[in-house]
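Participant: Everything below, folded, please.
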Amino acid sequence: MDDVAALTAFAKEYKLAFPLLSDPDGSAARKYGVQMVGRPFARRVTFVIDPQGVLRHIDREVSVRTHGTDLITLVEQLRG
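Facilitator: This next block holds a predicted model:
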């Protein structure tokens, strides 16, 4: 739910090769059901959406330590 400037700095610092969603008003977080009740934060949830815009997977139990490799494995499985 960070603003564009904060996400731009974060992406630059970590050399991210993908876009991040800025959601300072929380509207996307509410629509996806991830905004924490009574707090200006979103729970860590990953939504895997294919190139056609179809939701293929929701990970509500994100482990920060293994999430990258977990996602690689999942995407490889979805690709078949």
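
Participant: can we go C-alpha only for contacts and neighbour counts from here?
Facilitator: Will do.

Participant: Ile72 belongs to a helix?
Facilitator: Yes - counting by DSSP: H, G, I helix; E, B strand; the rest coil, Ile72 is located in a helix.

Participant: Look up how far Val48 lies from it.
Facilitator: Distance of Ile72 to Val48, computed by CA to CA, to the nearest Å: 11 Å.

Participant: swap in Ser27?
Facilitator: With CA to CA as the criterion, Ser27 and Val48 are 19 Å apart.

Participant: Those two - which one has more neighbours?
Facilitator: Using other CA atoms under 10 Å, the more surrounded residue of Ser27 and Val48 is Val48, with 17 against 12.

Participant: That one in helix, strand or coil?
Facilitator: strand.

Participant: How about it: what's its closest non-neighbour residue?
Facilitator: Counting by CA to CA, 6 or more residues apart in numbering, Val48 lies nearest to His57, which is 5.1 Å off, once chain neighbours are set aside.

Participant: Can you list the helices and strands that the helix or strand the one you found falls within packs against?
Facilitator: Applying DSSP states H and E as the criterion places His57 in strand 55-59. Strand 55-59 sits against strand 46-49, with contacts defined as 3 or more CA pairs under 8 Å, 6 or more residues apart in numbering; DSSP states H and E.

Participant: what residues are up against Val62?
Facilitator: 44-46 (CA atoms under 8 Å, 6 or more residues apart in numbering).

Participant: Between those residues, which sits nearest Tyr32?
Facilitator: Val45 (9.4 Å; CA to CA).

Participant: rewinding a little: gap between the strand holding His57 and the chain center?
Facilitator: Distance, stretch centre to chain centre, for strand 55-59: 11 Å (CA atoms, centre = their mean, to the nearest Å).

Participant: What separation is there between the residue nearest to Val48 and Ile72?
Facilitator: Distance from His57 to Ile72, by CA to CA: 13 Å.

Participant: For the two, indicate the residue with more neighbours.
Facilitator: Under the neighbour definition other CA under 10 Å, His57 and Ile72 were set side by side, and His57 has more, 14 against 11.
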